[in-house]
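S.K.: okay, predicted coordinates and the sequence, questions at the end:
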Amino acid sequence: MYFGTADDALSPLLASWCRHLLAAGTREISIRFQKSGHIEVVHGTTRLDSDHDRAVIAACSEAFEERADSNQTTVSFRVDTRAFPMLSVREPRRLSAPLRDAATAFPGSVIALFDEADGLELRVRYPHGSADRLLEEAGVRRLNHPFHFVGSAGAVSFDVAFSWCNGPGLQVVALTNSWRNANGGSHVYGVWEGIAAALAPLLGGTAGKPFTQELLPRNAVVVVSVHLQDPHFGPATRDCLHDARPRHAIRDALQQAFVAQLGQARLEANHPPWQTLGGAHGNTPWIERFAAFWSEGRLDGFAELDPWAHDEHHSTLTRDPELEDAVQTSLAHALSLVRKDD
């Protein structure tokens, strides 16, 4: 039975219960912290008779009631803080992050959180899963062009959204069965490997000089959510996913689909290459400068790989339309050759 510590016991318990409800088919959950100290959870008619988390809540409560009708199930309880003082701290705000993760992993689901004492009100819904979460995570950072990949391979399903951004910094939201993997893992590696494999023909990678995922700039926002049975994690916690199945599934999918989305992004949105592929260094589009570095063997130092690792700032850059048009034409020709080879 899990109780944790005084400041983190109840929130993970409620978050875990919500995850189990969503996995079982519930698509709308409401959690209300009342001024009286009672907590009310309303969800669909899904009933988990063997649900461990609900059993723990019932065992810790001095008042526990469950009512079900044709449309919904309502569970209300008041934690018995005399018998279980470690559960006495109520921190509804701690639920915000795991509830957002659960809504990302189950697109279209609605999770509402209310705290009558502090006036906290939160309603989370991501109809397009990772693609919607990507826009939220980016915040004020301007996404150059969002890419979105959804699919499955065997027992693995995945939902990946990605975009390079102007300015430095890498943001990653990595989820496995709606649980946050704070240290990423194999599903994140699959994203980088798939993009690198797709770009290798455009940048001239060869068997003797492969274009690997370590060479991609990391000024980006990435949201990746996977579902699979019996996932394997590195440490005892879920901090890092160590499972080859999602890595292979995501890598193969992005390798096949990224070039097509790249071409579609330029044709439909008319984005110049330096926007789509991660910024510029000086006055030169990133992909041209990178290809030049690559051909000249100048990729020995990591600082050279990411133009935003330098002190230059994108606000000081000036555009060269003729150069952008030339690179655009060159890339369009390269894309057509890749499609012919396929």
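M.R.: Right, received. Where do you want to start?
S.K.: which stretches of this protein form helices?
M.R.: Ranges of helices in the chain, per DSSP state H, are 10-23, 52-60, 96-105, 130-138, 186-203, 244-269, 273-276, 286-296, 302-305, 321-341.
S.K.: for those helices, which has the smallest mean pLDDT value?
M.R.: For the helices of the chain, mean pLDDT drops lowest on helix 302-305, to a mean of 34.
S.K.: now stretch 145-159: average pLDDT?
M.R.: pLDDT averaged over stretch 145-159 gives 92.
S.K.: can you list contacts of it?
M.R.: Outside stretch 145-159, the residues within contact range by Cβ atoms under 8 Å, 6 or more residues apart in numbering are 104-105, 107, 128-131, 134-135, 160-164, 187, 224-229, 245-246, 248-250, 252-254, 257-258, 261-262, 265, 269, 271, 275-276. All C-beta atoms are positioned from the backbone trio N, CA, C, and that covers glycine.
S.K.: send the alpha carbons of that stretch over as PDB?
M.R.: Extracted C-alpha coordinates of stretch 145-159, given in PDB (Å, rounded to 0.1, in the frame of the first residue of the first chain):
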ATOM      1  CA  HIS A 145       6.800  24.100 -38.400                       C
ATOM      2  CA  PRO A 146       5.100  21.400 -36.300                       C
ATOM      3  CA  PHE A 147       5.400  17.800 -37.400                       C
ATOM      4  CA  HIS A 148       2.900  15.200 -36.200                       C
ATOM      5  CA  PHE A 149       3.200  11.400 -36.500                       C
ATOM      6  CA  VAL A 150       0.600   8.900 -35.200                       C
ATOM      7  CA  GLY A 151       0.700   5.100 -35.800                       C
ATOM      8  CA  SER A 152       1.300   1.700 -34.400                       C
ATOM      9  CA  ALA A 153       3.600  -1.300 -35.000                       C
ATOM     10  CA  GLY A 154       2.700  -4.600 -33.400                       C
ATOM     11  CA  ALA A 155       1.800  -4.000 -29.800                       C
ATOM     12  CA  VAL A 156       3.200  -0.400 -29.800                       C
ATOM     13  CA  SER A 157       1.200   2.700 -30.500                       C
ATOM     14  CA  PHE A 158       2.800   6.100 -30.700                       C
ATOM     15  CA  ASP A 159       1.900   9.800 -31.000                       C
END
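S.K.: buried among the contacts of stretch 145-159? Make that a ChimeraX selection.
M.R.: Buried members of these, defined by 16 or more other Cβ atoms under 10 Å, are picked up in ChimeraX with:
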select :104,105,107,128,129,130,131,134,135,160,161,162,163,164,187,224,225,226,227,228,245,246,248,249,250,252,253,254,257,258,261,262,265,271,275,276
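S.K.: burial count for the closest residue to Gly184 other than its chain neighbours?
M.R.: Once flanking residues are discounted, Gly184 sits nearest to Ala174: 4.8 Å by Cβ to Cβ, 6 or more residues apart in numbering. When counting by other Cβ atoms under 10 Å, one arrives at 24 neighbours for Ala174.
S.K.: looking at it, Ala174 is touching Arg238, isn't it?
M.R.: No: the criterion here is Cβ atoms under 8 Å, and Ala174 misses it with Arg238 at 10.1 Å.
S.K.: which residues do those two both contact?
M.R.: 180-181.
S.K.: per-domain residue ranges of this protein.
M.R.: Residue ranges for each domain of the chain read 10-124, 130-341, as given by automatic domain parsing.
S.K.: no further questions, thank you.
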